[in-house]
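*Asks:* The following comprises the amino acid sequence and a computationally predicted model.
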Amino acid sequence: MLRSQINAAYRAASACFARHHWALPPAPKWDITDFGLGDFERFGLTLINLAEEPEYCEKLMWARRGQTTPCHTHAKKKEDIICRAGQLTLELWPARPASPASPPGGLTVPVNGQPRALAAGERLVLPPGSRVTLVPGVWHAFYPTSDECIIGEVSTANDDLHDNFFTNPDIGRFPGITEDEPAQIRLLSDRS
């Protein structure tokens, strides 16, 4: 990614959070990624780690229409994904999708605490305030279906280096960065 893209995403996300009255903690830990795919407008996500404890994690995320978080799962992490502003769409699978076609079968996930049965790969649309609970092994991709979306995540302990498993083997959790302008913020992936 270009540092200028990271800076622009930081400014846009900050403006969106301010419009929706989300106050960030002092010195938040920013993570802006294109998942190593080199196409932030298509595969991009802006994250802020709000709490990182041995038992739990809380994140706030921002994405624009057209940006997808690629299909992945976690071996350990259980998470609630919450639409905080805008509209968020998720696609869910009970097992690793072998191809663009969904595997047969379905799954049941709690949506706002109530079980909802879904076909594999079916779209689940979350309006503001709604949440879905995902257990380890549920494959998921998500993206805004509004112009922009604020997304919350509350989960068990988070391990971005070892507990993200993507269907695409070319995906890297953190981007390579080309320094085309000075950094406005320090990212989790920036080296000291």
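*Replies:* Looks like it came in fine. Numbers count the residues shown, from 1 in each chain.

*Asks:* all strands of this structure, in order?
*Replies:* For the chain, the strands defined by DSSP state E occupy 29-33, 45-52, 56-64, 69-73, 79-85, 88-93, 106-111, 114-119, 123-126, 131-134, 139-144, 148-156, 165-166.

*Asks:* taking the mean pLDDT, what do you get for the second one?
*Replies:* For strand 45-52, mean pLDDT rounds to 95.

*Asks:* From the contact counts, what lies against that strand?
*Replies:* With contacts taken as 3 or more CB pairs under 8 Å, 6 or more residues apart in numbering; DSSP states H and E, strand 45-52 sits against helix 3-19, strand 29-33, strand 56-64. No exception for glycine: its C-beta is placed from N, CA and C like everyone else's.

*Asks:* closest to residue 70 out of these?
*Replies:* Closest approach to residue 70 among these (CB to CB): strand 29-33, 10.4 Å.

*Asks:* So which residues make contact with that closest one?
*Replies:* 1, 6, 9-10, 44-49, 52, 160, 173-175, 185-189 (CB atoms under 8 Å, 6 or more residues apart in numbering).

*Asks:* right, so of the helices and strands packed on strand 45-52, which gets closest to residue 39?
*Replies:* Here helix 3-19 is closest among the helices and strands packed on strand 45-52 (CB to CB), at 10.4 Å.

*Asks:* what comes up buried for the closest one?
*Replies:* Going by neighbour count (16 or more other CB atoms under 10 Å), the buried part of helix 3-19 is 3, 5, 6, 7, 9, 10, 13, 14, 16, 17.

*Asks:* just these now: which is nearest residue 96?
*Replies:* Using CB to CB, residue 9 comes nearest to residue 96 of the buried residues of helix 3-19, at 29.2 Å.

*Asks:* residues contacting the closest one?
*Replies:* Neighbours of residue 9 in contact, by CB under 8 Å, 6+ apart: 32, 40, 44, 46, 62.

*Asks:* Quick check: of these, which has the highest neighbour count?
*Replies:* residue 62 (29 neighbours; other CB atoms under 10 Å).

*Asks:* how near is the closest residue to that residue other than its chain neighbours to residue 71?
*Replies:* Spatial nearest neighbour of residue 62, excluding adjacent residues (CB to CB, 6 or more residues apart in numbering): residue 13 at 3.9 Å. Distance, residue 13 to residue 71, by CB to CB, to the nearest Å: 23 Å.

*Asks:* Alright, calling it a day.
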